[in-house]
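Colleague: here are the coordinates; sequence isn't available:
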């Protein structure tokens, strides 16, 4: 316990002589009368009062002010009546509280005497406060109270006001009206109360009647009119009755006058209320009319707004369709222009004279600028329509700015402007990296554009909530009247016809909209002639990431490649300054001579494009390196791919008859074409379009316009990946074959030992002086038996790994038994393999490939169950399919790994224990044979692998070769 609190408790106990219990008697009497004695006793049982009810009912006892306040708080809370203290105080002036004094005061006292005596005797019942009468006159009292102990609440104030207001009730009058002008609890120097009351009429009539009757009785007895006792008594009673009647009459008359006054006041109030009611009625009628009229107006306006909204939605839809079409139609010719220019510029300097090359470079910069303006306009339109989706990821702003400034340094050096980055590494922010990079590229390019001398500084800092980036320049600055419009769409700070710098007014509007989409912001401060400061704020954390702005899709979506950093030439175009073209060094020509042809063993590439010009340009670019096939729409491309099986497909997205996406879905759904790499071309730049294509199975995505070098590089990368997949699949197959040969070596060891052991007795029996024919025949039989066993094992191994180009009938039971037998040497003694074959029907397929699947699945199960586990192999028929299940009671698979089991190179084993290609290759084999494979697992309890194969297939169907079974393609590296 706190020592100071203990000292306080000792210095001020609850029974301290501060307030008489006669003060609390009013509270207890009122609570008991209102809620019952049992309720009061229950209150004292439930609350920890140190003083009992008996103590509080003994009139000579005292309590502390703090105990009184605690008791008041409890009783007010228990009653639930906020006016409890005032009402309890009004019950003070009653015979229960005052006892015999009540009757003495009523008979001989007055209100003035009551108030004065209460104040004079206050020290006898209150030793912590002092009352002072400041004004006392007829029917009015001003009373001040000062307490030496500060009160914690107004409950005691309410009790005092109720007690003083109760005095008039002794004479049957209404309680006095009490108001408080100031209070110590609220910081005043004292509590000041104002009381008003109605004085009681003097009851002198009964006393005068008594005296007159007594004198009359004495006179009557003296005159001999009766016995003295009888005469005095009779006349006194008569006088008292007459006087009381006179007093009562006077009192009734006074009450009648008061009632009349009240009635007159009530009538006046009633008349006033009637007038107010009439006014309110008229106002209400007028208001209802106005509400009705306004409701009609709002209804009509709502109808008009709904019609306008429907029309606006339709316009937005049409606008979106228009911009999609414009995107495709504008980018298609731009693609041809840029591809042609890029191809020409890659030729050596001997191909063109200097003026021609300068014109080509000017055309290339102008076309790039036009493409950038189209992209900005489309991005701004998407932001306005609320269709922009973001791909949030953590970004180190300092590292991002460092790499962004590199291409701008060339132009800054050329202009003689210092380009600096200030600030240290900050907390990563969650943003759409590509869009935020565009924001800073725009701001830095603007700063360099308008700065001819001095410096451009990019300053980085952070606080608890934001990461701040300031782009500060010493350029021409912005006029004060233009600061409010520079972020408006299509607005220019200098809108005169002779403005020095060009621009469309889209860039800064796009910056502001992009930052607003990230819940960030941008402000600008500038002084004309001295420079500008653009201040960007990006919020830290992830609370600002809104679901409606996120790209929807699978969590495992591949990350889209970011746009390349701007080159120096691109930076020059961004500044949009009419600079003379810079000479560029000669580069190695990528384009081969027009009559160059690919070698006969070059990879075959299928081009699917509906635009003849782009198709012809692709033919010109790819012809020297690849053998080409062409198709003009998705349907034709699908048929060509299914019949010709090209090594790679380059396809447009938007095409007649069948789109590129539809063709992609059909190719990925067919086992014959599921492995062909596909690169999609599109004029649409939206992330959603790219994600849709990648989700459908596209290997790469290129946006128009594209660079021929980039096209060649991406095609070569996909072909190299295909070669890597071929080698990895072959390695996986060799690993499975190695597993089988290990089992073969283990099984052949016993008959081989028997054969070798039989040779020595045979030699001895044949070369001895007395040949033992019986021994020789027995040894020959043993050698023949061992040879037959070895031949059977060899043929089994050959049939196990043999593949064919046509489907054959495969006995699933025998195939599974052979796989179990091949792995028997790896099974621990305590492991059980249970077989339950319920489908005797054969399936049509490649036995070698199926055996590879069974060995892979059984090997996985053996690794999962441990030395004492159980593996169950079951076949069953379901309709026109046969289902092969490999069930184990092993460790199971974690839920987070289930969706990635069939991904190439993904493995749940420890590093170095597997290639991660086994299940992926099994899936390809089963899909190639028209079936499907699924895995079900309960982590910690076991796994079930289900392979479903069709029973009714064409036995003459030609099986497409797997990657690992085809002729390895020699890689064609470009030099």
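Modeller: In hand now; what should we look at? Given the structure is predicted, the values throughout are model-derived calculations rather than measurements.
Colleague: where does pLDDT dip in the stretch 401-550 of the chain?
Modeller: For the stretch 401-550 of the chain, the stretches flagged by pLDDT under 70 are 488-506, 546-550.
Colleague: assign a three-state SS to the residue lying farthest from the centre of the chain, would you?
Modeller: Here the chain reaches farthest from its C-alpha mean at residue 224, the gap being 115.1 Å by CA atoms, centre = their mean. Assigned state for residue 224: coil (three-state reduction, DSSP: H, G, I helix; E, B strand; the rest coil).
Colleague: got the contact list for it?
Modeller: By CB atoms under 8 Å, 6 or more residues apart in numbering, the contact set of residue 224 is empty. In short, each C-beta sits where N, CA and C put it, glycine included.
Colleague: now do it, the pLDDT please.
Modeller: Residue 224 carries a pLDDT score of 75 in this model.
Colleague: may I have the phi/psi pair for it?
Modeller: Backbone torsions of residue 224, given as degrees, to the nearest 10, read phi 80, psi 20.
Colleague: begin at 10 from here
Modeller: Okay, residue one is now 10; in that scheme the one you just asked about reads as residue 233.
Colleague: so how far is residue 223 from it?
Modeller: Between residue 233 and residue 223 the computed distance is 18 Å (CB to CB, to the nearest Å).
Colleague: how about residue 777?
Modeller: In terms of CB to CB, residue 777 sits 179 Å off from residue 223.
Colleague: quick one, which of those two is more surrounded?
Modeller: Neighbour count, other CB atoms under 10 Å: between residue 777 and residue 223, residue 223 has more, with 18 against 10.
Colleague: confidence score at the more buried one?
Modeller: pLDDT, residue 223: 77.
Colleague: surely residue 459 and residue 482 touch.
Modeller: Yes. Assessed by CB atoms under 8 Å, residue 459 is found in contact with residue 482 at 6.7 Å.
Colleague: okay, and the common contacts of the two?
Modeller: residue 541.
Colleague: who has more neighbours, those two?
Modeller: Neighbours of residue 459 and residue 482, each counted by other CB under 10 Å, are more numerous for residue 482; the result is 27 against 20.
Colleague: bridged to the more buried one, which residues?
Modeller: residue 465, residue 541 (DSSP bridges).
Colleague: mind listing the helices for the stretch 760-909 of the chain?
Modeller: Ranges of helices in the stretch 760-909 of the chain, per DSSP state H, counting those that start in this stretch, are 782-810, 821-831, 856-874.
Colleague: tell me the buried residues in the second one?
Modeller: Taking 16 or more other CB atoms under 10 Å as the neighbour-count basis, helix 821-831 is seen to contain the buried residues 821-822, 824-825, 827-829, 831.
Colleague: which strands and helices sit next to that helix?
Modeller: helix 717-776, helix 782-810, strand 841-846, helix 856-874, strand 879-887, strand 890-897 (3 or more CB pairs under 8 Å, 6 or more residues apart in numbering; DSSP states H and E).
Colleague: how about the strands in the stretch 10-159 of the chain?
Modeller: In the stretch 10-159 of the chain, the strands defined using DSSP state E, counting those that start in this stretch lie at 28-29, 71-72, 138-146, 149-156.
Colleague: residues in contact with the third one: which ones?
Modeller: Contacts made with strand 138-146 from outside it, assessed by CB under 8 Å, 6+ apart, are listed as 121, 124-125, 127-128, 131-132, 150-158, 201.
Colleague: and with 10 Å instead?
Modeller: 27-28, 74, 120-121, 124-125, 127-132, 150-158, 160, 165, 169, 173, 193, 199-204 (CB atoms under 10 Å, 6 or more residues apart in numbering).
Colleague: of these, buried ones?
Modeller: 27-28, 74, 120, 124, 127-128, 150, 152-154, 156, 160, 165, 169, 173, 193, 199-204.
Colleague: filter these down to the ones in helices?
Modeller: Judged by DSSP state H, helices contain the following of the buried ones among the contacts of strand 138-146: 74, 120, 124, 127-128, 165, 169, 173.
Colleague: flag the least confident of those residues.
Modeller: Lowest in pLDDT among these is residue 120, which has 79.
Colleague: check contacts around that one.
Modeller: Neighbours of residue 120 in contact, by CB under 10 Å, 6+ apart: 114, 145, 147-148, 150, 176-177, 179-180, 182, 185, 204, 206-209.
Colleague: for residue 724, same thing?
Modeller: Neighbouring residues of residue 724 by CB under 10 Å, 6+ apart: 612, 614, 630-631, 634-635, 656-657, 659, 686, 688, 709, 983.
Colleague: now it: how far from residue 637?
Modeller: Distance of residue 724 to residue 637, given as CB to CB: 11 Å.
Colleague: now do the shared contacts for the two.
Modeller: Both residue 724 and residue 637 are contacted by 614, 631, 659, under the criterion CB under 10 Å, 6+ apart.
Colleague: any idea which of these is least confident?
Modeller: Lowest pLDDT of the shared contacts of residue 724 and residue 637: residue 631, 89.
Colleague: report how many residues lie close to that residue.
Modeller: Neighbour count of residue 631, defined by other CB under 10 Å: 20.
Colleague: does it touch residue 688 like I think?
Modeller: No. Checked against CB atoms under 10 Å, the pair residue 631 and residue 688 is beyond contact range at 11.3 Å.
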